[in-house]
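Provide a 3D model corresponding to the input given below.
(one chain, ligands or ions: 1)
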Amino acid sequence: MPSQKALIRRPSPRLAEGLVTHIERAKVDVGLAVEQWEAYAEALRANGWETVEVDPADDCPDSVFVEDTVVVFRNVALIARPGAESRRGETAGVEEAVARLGCSVNWIWEPGTLDGGDILKVGDTVYVGRGGRTNAAGVQQLREAFEPLGARVVAVPVSKVLHLKSAVTALPDGTVIGHEPLVDTPSLFPRFLPVPEESGAHVVLLGGGRLLMAASAPKTAELLADLGHEPVLVDISELEKLEGCVTCLSVRLRELYI
Ligand SMILES: NC(=O)NCCC[C@H](N)C(=O)O
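Here you go, the predicted model:
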């Protein structure tokens, strides 16, 4: 049976000190952020996902954005080497969690840097954003790790947002969606659908046509509902103040057979 597990990580009490790169810093209400994170986790569970909490990393302000620390393809978990030094302490706990779940573990090594938020999987195609956090050595190491497993790795420039998946994600049918002003090269994707809001570009595939999306993208939710999808909205406003998206708050383990 394929597993339906999702890794999540409780926000650090130091969350408000998290990094901000492409937007102005705004005051984060940590109590509200924790409530929003709990509602996000509940939405995953209500839609058939078993949530698995990685041990908290209270000294790492950005640790709630667990997606950035690992990329899973088939049964292999590639432990990232975050482009921001302040996030490197996040990976040890995640390595332990994926090993406990039965993944084979591999690593990005110095001088490579790679953030999980720069990876978008569409079937066996693995898009990787070469931007502020993922460097050329990281892209090369990703190829070496996943191409032997059947992945086709496609590198994509990212210059306008933090991560590739801040700019684009994909619908269940493989159509890539993005807010065009923030996508460097939409023509790189075989099917591209522009969406009207920045956070509308972020969808988590829950299964059965359901899409977990941020409440800050109501027009996109309407557009996608009109195309026969089923948006499930969650308010993550406090996490958005730190450039977080619905995608970066979990790692779905879809292909792990256990
Ligand atoms: N995958 C993601 O979009 N991650 C968001 C990370 C936000 C965090 N404040 C950072 O700058 O690393």
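
Give me the contacts around stretch 79-89.
19, 57, 59-63, 68-71, 90-91, 94-95, 98, 105-110, 112-116, 132-135, 138 (CB atoms under 8 Å, 6 or more residues apart in numbering). C-beta coordinates here come from the backbone N, C-alpha and C atoms, glycine included.

Repeat that for stretch 221-233.
Here stretch 221-233 makes contact (CB under 8 Å, 6+ apart) with 43, 47, 171-172, 195-196, 200, 203, 206, 208-215, 218.

Can you pick out the ones from these that are in helices?
When DSSP state H is applied, the contacts of stretch 221-233 are split such that 43, 218 fall in helices.

list the contacts for the one residue in the stretch 151-258 of the chain that gets nearest to the ligand?
Closest approach between the stretch 151-258 of the chain and the ligand, counting by CB to the nearest ligand atom: residue 248, at 3.1 Å. By CB under 8 Å, 6+ apart, residue 248 lies in contact with 65, 66, 67, 68, 116, 117, 163, 165.

tell me the SS of the last one?
Reducing the assignment to helix, strand or coil with DSSP: H, G, I helix; E, B strand; the rest coil, the entry for residue 165 is helix.

who are the neighbours in contact with it?
With contact taken as CB under 8 Å, 6+ apart, residue 165 is in contact with 67, 117, 118, 119, 120, 129, 202, 245, 247, 248.

What is the burial count for the residue in the chain that the ligand sits nearest to?
Using CB to the nearest ligand atom, the closest approach of the chain to the ligand is made by residue 117 at 2.4 Å. Applying other CB atoms under 10 Å, we find 30 residues neighbouring residue 117.

how many neighbours does the nearest residue to it once chain neighbours are set aside have?
Nearest residue to residue 117, sequence neighbours excluded (CB to CB, 6 or more residues apart in numbering): residue 163, at 3.3 Å. By other CB under 10 Å, 28 other residues sit near residue 163.

From the contacts of stretch 79-89, which land in strands?
70, 71, 105, 106, 107 (DSSP state E).

so can I have CSV of these showing neighbour count?
Listed next are the ones in strands among the contacts of stretch 79-89 as CSV, based on neighbours: other CB atoms under 10 Å:
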residue, neighbour count
70, 25
71, 26
105, 14
106, 17
107, 14
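
Check the residues you listed against residue 254 and report the nearest one.
Minimum distance to residue 254 across those is 12.6 Å, recorded for residue 71 (CB to CB).

Hmm, residue 116 and the closest one touching each other?
Yes - the pair residue 71 and residue 116 passes the contact test of CB atoms under 8 Å, sitting 5.1 Å apart.

for residue 198, phi and psi?
phi -60, psi -50 (degrees, to the nearest 10).

What strand or helix carries residue 6?
Following DSSP states H and E, one finds residue 6 within strand 5-8.

Which strands or helices does that strand pack on?
helix 30-46, strand 50-53, helix 91-100, strand 251-253 (3 or more CB pairs under 8 Å, 6 or more residues apart in numbering; DSSP states H and E).

In a markdown table: the ones you listed, plus mean pLDDT, distance to residue 142 and mean neighbour count.
What follows is the helices and strands packed on strand 5-8, written out as a markdown table (pLDDT from 0 to 100; distance: least, CB to CB, whole Å; neighbours: other CB atoms under 10 Å):
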| stretch | mean pLDDT | distance to residue 142 | mean neighbour count |
| --- | --- | --- | --- |
| helix 30-46 | 98 | 26 | 16 |
| strand 50-53 | 98 | 24 | 14 |
| helix 91-100 | 98 | 15 | 18 |
| strand 251-253 | 95 | 16 | 23 |
